[in-house]
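K.L.:
Return a 3D structure for these sequence lines:
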Amino acid sequence: MTMETDSPVGEREIVMTRVFDAPRELVFDAWTDPLHIGEWWGPNGFTITTHEREVRPGGVWRFMMHGPDGTDYDNRVVYTEVTRPERVAYAHGRDMDDDPERFEVTVTFVDLGGRTELTSRIVFATAGQRAEKVRFGAVELGYQTLDRLAAYLASR
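P.N.:
Next comes the predicted model:
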């Protein structure tokens with residue numbers, strides 16, 4: 001996916017960081033293993049149904065997010081990099097070809113001696129798209145998702 005350059009990357013990105021009380025391998029597995037992801041992915045009150053998932057460069061994850069109000073949101077992730085247990089990168093958008101709203105995500109997993117620092121860097125095509133997602137609540141919803149991951153990891 002080629003990004004437009006209407007503004008510098010810093011004006012087009014959202015960065016979220018969280019430290020988990022879990023080893024890096026477990027956090028990486030929770031992020032990439034189809035058996036784990038359905039247990040925690042999404043903001044509070046959301047569930048997902050995975051239609052297909054192959055975590056490898058060129059692999060696709062197609063899923064439906066079900067909102068607490070009954071609204072369904074189709075999603076497609078196309079993986080561009082998977083480096084176990086350090087990094088996952090992908091393009092994320094709606095489940096359609098050439099989605100103009102899609103964005104790039106890079107997730108890194110840093111070993112802190114039994115704890116893990118996860119950083120999610122989301123880059124949008126334009127500063128306007130970023131601003132729209134922030135108004136929608138993307139930052140709050142992203143941190144809710146990381147909270148759900150923390151709770152899931154604590155239960156393991």
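K.L.:
How about residues contacting the helix or strand of the chain with the lowest mean pLDDT?
P.N.:
Ranking every helix and strand in the chain by mean pLDDT, DSSP states H and E puts helix 34-37 at the bottom, with a mean of 92. With contact meaning C-beta atoms under 8 Å, 6 or more residues apart in numbering, helix 34-37 is reached by 29-31, 48, 50, 53, 55, 152. Any C-beta I mention is one placed from the backbone N, CA and C, and that applies to glycine too.
K.L.:
and which of the residues you listed is nearest to residue 105?
P.N.:
Lowest distance from residue 105 to those (C-beta to C-beta) belongs to residue 31, with 11.0 Å.
K.L.:
Identify the residues contacting that closest one.
P.N.:
Taking C-beta under 8 Å, 6+ apart, one finds 37, 88, 107, 109, 118, 149 in contact with residue 31.
K.L.:
and which of those is nearest residue 66?
P.N.:
Looking across those and measuring by C-beta to C-beta, the closest to residue 66 is residue 37, at 14.4 Å.
K.L.:
ok, how many other residues are close to that closest one?
P.N.:
21 (other C-beta atoms under 10 Å).
K.L.:
Roughly how far does it sit from residue 47?
P.N.:
12 Å (C-beta to C-beta, to the nearest Å).
K.L.:
One more: residue 63?
P.N.:
On the measure of C-beta to C-beta, residue 63 and residue 47 end up 10 Å apart.
K.L.:
More neighbours: the two, which one.
P.N.:
With neighbours defined as other C-beta under 10 Å, residue 63 and residue 47 compare such that residue 63 has more, 22 against 13.
K.L.:
measure stretch 80-92 end to end?
P.N.:
11 Å (C-alpha to C-alpha, to the nearest Å).
K.L.:
Likewise for stretch 44-62?
P.N.:
Using C-alpha to C-alpha, one end of stretch 44-62 lies 20 Å from the other.
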